[in-house]
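> Whatever this is, show me its structure:
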Amino acid sequence: MCPECGELIDAEVESPGILGYEGESQKLLCKYNDNFWIYFYSFETAADAEAFYNYERGKSDEFIELTDPAVQDWLQMNYIPSDTRKPDNMHCELCGVNQCECEGGYFHDGTIAGHIYASVTQKSNTEDVTRNDVYQKIQSIQACMNGTEPEPEETNLQVNIADHPLKNMKVIIEDEEYTTNNEGMVTIPENGSVTLQFSYVDDNPYFSIYIDTEKHPFEVILTIKEGKIKKAVLYSGENVSFWPSKINLNLPIEDFDFNKIDDNPLIPESALRYIHFTEALEFYQELGVTFDKPVKIILGASIGKLSLPIPIKAVYLDYKIIMNKKATLYSNWRPFIEYHEFSHYAMNQMYGDDLFKEMTKSPNHGGFANPTTTDSWMEGFAAFMAVVIANHYDRWWAEGPLEKSPAGYPMAGSLDTNYRAWMYEGRAEEYAIASLLWDCIDSEEKKFYAKGVWSLSTSQVFGDFFFDGWDHNNDGIATREEISIGVLLMLFGDPIDSVIYPPNIILIAGVTEDLGDFDIEPDMNIFETYDDGDDILNEDELENMAEIIDNGYYQKPYKIADKWIELYDDDGNGNISLEEAKKILKVHEIIMDLQGKNSTADWDDIKTWLDSEYLAPFMGKLINKFCMGLPDDGWTRDEFDSYILKNVTREDDDYTNWSFEKLWGEVLSRKHKDFSSVLYWFPIENEEERKDLFWLLRLHGMYQKKLKGNGVYDSGEAYNDTNNNQNWDPGEPFIDYPPTWTISPGDIYGSPSNYQRIGRNSTPYFKGQYIKTPDGEYDISYIIMNGFNITDVIVYSAESEDGMLYVPIPP
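Predicted coordinates for the structure are as follows:
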């Protein structure tokens, strides 16, 4: 009986001379293999074997001598037919009875010849075999004859998707656990069952992916036969109902790719997320973050109400990353969701559970409406780190221009946008923080100038936003008048100015903010201050004025003097006279008036301002500069797109170009309860860097605005959406915005706030950090000491409520 297949082995004795050669052979046939006939022969001499082989040549694919003594002994013991030799002194190996009549019983009398061969012949209509296949079969047979279990034939499986390996993935084979290596390789049997579990294990477990619930990590169980994957079954603690599946394969092991397993999208989507979570994990490990508690990643799960007016939702909560179905399947936010949520997990590990849980008590994504900047700091950190991680891996998955752009972040468009904290009903505060951090490390070298990138910006940003907005009558042509009014509108409103506007537009937007509210005559002392007495401001004087006003607020790379002279030098003599300067101030006065009425101004109001004595010539120059080559009859959409592609570039609008390593090492690697703490640790080493920081804070609205609002809710103001219907309803608390957010004397750089919350607390309230005081506003001073030396003094204002003044302990 063949121990490999359990079949009885037929045996017969060949009589001498029947096959045309001298000598005797014994032929034994085993039918255990589907593709081969395998015969065993014994010969008295090697010459007999050679003669037999020469006679049989062409009938046998391989004719191999079995030289292993153990194999020979096994044959001697088992392959003597009972119907030809029944020695009295030997019992039957099959039934144990002497001289039995068992058909197929075998005895041993030591008479089998010593030269044993195996002849292997391929059956007809079967798969082609190679010489190596035959040798492997013979080796298996020899092991079988040796009375031992044959070693399973093994091969290497690379667990990957789209040529990206799944590292350190748990693999289960016959209840033994293994992991893939850095190339995604693991040794598996050519026949049997292999379980691929979506768990990252490197000595310790780090994360596991689940489906629907957290009952059991997601697994793909492969059935393998003769080196081919025949079937794959999904398992996650119960039948996976997340998506219907039809999995029936015949995939060679060497061709394995999760994209080829099935048309079920859950498999490749899970594999891609495994890769992206691995990338995030390894990135933070390189930064020195220690992960001592694994995180569960639950895909396709139901999520309770979040303050996100979008169908794609994901949340990190208590060592769980939960993503709803919209975020799991075909999300164009991948992998930023993974990087973002994993960054919350990383912060949790860095800060510790107690501090992190205290920080999560603020309403999530409440932004400027929250009493603290804590939640905005947590979300801003995650958004910024998601972009950094994406760039670290060269955005290998990216397809569209926005995804390829170094600042591209699908949830916010681009971190090159200068979000202000109060924008979009205050929800932009987290993006203001993220984009500010991005401004710290971006530079001209990191910008995208390729036209392929601008092709998307043209159609989706410039065209859909600017052109459609300028084409007031929707006739498909943006006229000079319509564009003039559109440019005026760009001077106040969204913070797109420093992202995509040409330098002269940025300049004017900056000037309107810097000069603020004024009257012409009193403010002519600005002119007198910088004029050397000849009633003319020349280039050097203008540059000096631009450098000094507001601590270097103006944008140095744009050569302020050139831009001012270009726009306001009416007589073309290269200087700005006293009369020309008055026109400048009058233009700003008109624009400031328009800016203050932005929410109520209509098209006719704007046209009236546009046609004014002072503004019309100014706007004419501005339009000629912005729209070089604009035909008198205006632009069509295609003409506009063509102009933008040729003339608009993105430029770095800040001057802080730290390395990420510096920002991480000196700032982000520390524990911060809020964004004020982050700003405190910014590595400011000289006056120039202090000016640059103020410029960054101004770009992103990071200051306390003391100007009072109108006391009623206006569209766009931040509010607490207590009923979570994504709209402000009477009775819901709101933040009363000032008529303009332009920074003015008395406003203080730092965490953003308004007149209602000048002492907007920047940290969550902790027990035991109150001082009993009468109600009122107090100045609180922190004295920082190093030994006996005072190294710094920090002063801020706070208001006592109910006799309790909260005094947060610095981190």
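> where along the stretch 101-250 of the chain do the strands fall?
Assigned strands in the stretch 101-250 of the chain, in chain order: 115-122, 154-158, 160-161, 164-165, 169-173, 176-179, 185-189, 192-202, 204-211, 219-225, 228-235 (criterion: DSSP state E, counting those that start in this stretch).
> Could you pull up the mean pLDDT of the first one?
Within the predicted structure, the mean pLDDT of strand 115-122 is 68.
> that older thread, if I average pLDDT within each of the strands of the stretch 101-250 of the chain, which one is lowest?
When I compare the strands of the stretch 101-250 of the chain, strand 115-122 is least confident, with a mean of 68.
> Mean pLDDT per element in this structure, and the minimum belongs to which helix or strand?
helix 497-500 (a mean of 27; mean pLDDT, DSSP states H and E).
> quick one on the thing from earlier: switch the strands of the stretch 101-250 of the chain over to CSV, and while doing so, append distance to residue 725 and mean neighbour count to every line.
In short, each C-beta sits where N, CA and C put it, glycine included. Formatted as CSV, the strands of the stretch 101-250 of the chain follow (distance: least, C-beta to C-beta, whole Å; neighbours: other C-beta atoms under 10 Å):
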stretch, distance to residue 725, mean neighbour count
strand 115-122, 74, 21
strand 154-158, 50, 15
strand 160-161, 41, 21
strand 164-165, 42, 18
strand 169-173, 43, 19
strand 176-179, 48, 12
strand 185-189, 51, 17
strand 192-202, 37, 20
strand 204-211, 31, 21
strand 219-225, 41, 19
strand 228-235, 38, 17
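> Mind putting those strands into TSV with distance to residue 390?
Output for those, formatted as TSV (distance: least, C-beta to C-beta, whole Å):
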stretch	distance to residue 390
strand 115-122	54
strand 154-158	25
strand 160-161	18
strand 164-165	15
strand 169-173	22
strand 176-179	26
strand 185-189	27
strand 192-202	20
strand 204-211	19
strand 219-225	27
strand 228-235	29
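> Mind exporting the C-alpha coordinates of the longest helix along the chain to CSV?
Longest helix of the chain, by residue count under DSSP state H: helix 266-286. Extracted C-alpha coordinates of helix 266-286, given in CSV (Å, rounded to 0.1, in the frame of the first residue of the first chain):
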residue,chain,number,x,y,z
LEU,A,266,-12.8,45.5,-0.3
ILE,A,267,-9.6,43.5,-0.9
PRO,A,268,-7.5,46.0,-2.8
GLU,A,269,-8.8,48.9,-0.7
SER,A,270,-7.8,47.1,2.5
ALA,A,271,-4.4,46.2,1.1
LEU,A,272,-3.8,49.9,0.0
ARG,A,273,-4.8,51.1,3.5
TYR,A,274,-2.5,48.6,5.1
ILE,A,275,0.4,50.0,3.0
HIS,A,276,-0.5,53.6,3.9
PHE,A,277,-0.8,52.9,7.6
THR,A,278,2.5,51.1,7.4
GLU,A,279,4.0,54.3,5.8
ALA,A,280,2.6,56.5,8.5
LEU,A,281,3.9,54.1,11.2
GLU,A,282,7.4,53.9,9.8
PHE,A,283,7.6,57.6,9.3
TYR,A,284,6.8,58.4,12.9
GLN,A,285,9.1,55.6,14.1
GLU,A,286,11.9,57.3,12.1
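> angle of that helix against strand 219-225?
120 degrees (axes from the mean of the first three to the mean of the last three C-alpha atoms, to 10 degrees).
> List the buried residues of helix 266-286.
If you call a residue buried by 16 or more other C-beta atoms under 10 Å, then helix 266-286 has these buried ones: 266-284.
> check contacts around residue 774.
If you count contacts by C-beta atoms under 8 Å, 6 or more residues apart in numbering, residue 774 has them with 800, 803.
> Use 489 as the first number from now on
From this message on, residue numbering opens at 489, which makes the last subject residue 1262.
> Regarding it, what is its secondary structure?
coil (DSSP: H, G, I helix; E, B strand; the rest coil).
> Ok, residue 865 next?
Secondary structure, three-state DSSP: residue 865 is helix.
> Name the nearest residue to it, ignoring sequence neighbours.
Leaving aside its chain neighbours, residue 865 sits nearest to residue 1163 (4.5 Å; criterion: C-beta to C-beta, 6 or more residues apart in numbering).
> Same check on residue 1169?
If the residues on either side of it in the chain are set aside, residue 1169 comes closest to residue 1155, at 4.9 Å by C-beta to C-beta, 6+ apart.
> next one: phi and psi at the one you found?
Residue 1155 has phi and psi values of phi -130, psi -60 when expressed as degrees, to the nearest 10.
> picking that back up, what residues are up against the residue nearest to residue 865?
861, 864-865, 868, 921, 1190, 1239, 1250.
> Show me what stretch 713-723 is in contact with.
Against stretch 713-723 from outside (C-beta under 8 Å, 6+ apart): 643, 678-679, 699, 704, 706-712, 728, 733, 735-741, 744, 749-750, 752, 754-755.
> For residue 1216, find the nearest of the strands of the stretch 589-738 of the chain.
Taking C-beta to C-beta, strand 692-699 is the member of the strands of the stretch 589-738 of the chain nearest to residue 1216, at 37.8 Å.
> Give the partner strands of the closest one in its sheet and their orientations.
Strand 692-699 pairs in its sheet with strand 680-690 (antiparallel), strand 783-787 (parallel), by DSSP bridges.
> could these go into TSV alongside distance to residue 663?
Shown next, in TSV, are those (distance: least, C-beta to C-beta, whole Å):
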stretch	distance to residue 663
strand 680-690	10
strand 783-787	23
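> Do you have the strands of the stretch 789-938 of the chain handy? List them.
All strands of the stretch 789-938 of the chain, identified by DSSP E, counting those that start in this stretch, fall at 802-804, 808-811, 896-897, 901-902.
> Pick the most buried one from those strands.
strand 896-897 (a mean of 25; mean count of other C-beta atoms under 10 Å).
> Do I have it right that residue 898 meets residue 824?
Yes - the pair residue 898 / residue 824 is scored as a contact, 5.8 Å apart, by C-beta atoms under 8 Å.
> Neighbour count for the two, which is higher?
More neighbours surround residue 824 than the other of residue 898 and residue 824, with 23 against 17 (other C-beta atoms under 10 Å).
> contacting residues for the more buried one?
874-875, 878, 897-899.
> For those, work out which two are farthest apart.
878 and 899 (12.2 Å).
> Compare neighbour counts for the two and give me the winner.
The neighbour count for residue 878 versus residue 899, taken as other C-beta under 10 Å, is higher for residue 878 (23 against 16).
> where's the more buried one relative to residue 831, distance?
Residue 878 sits 12 Å away from residue 831, going by C-beta to C-beta, to the nearest Å.
> what residues are up against residue 844?
Contact partners of residue 844, counting by C-beta under 8 Å, 6+ apart, are 835-836.
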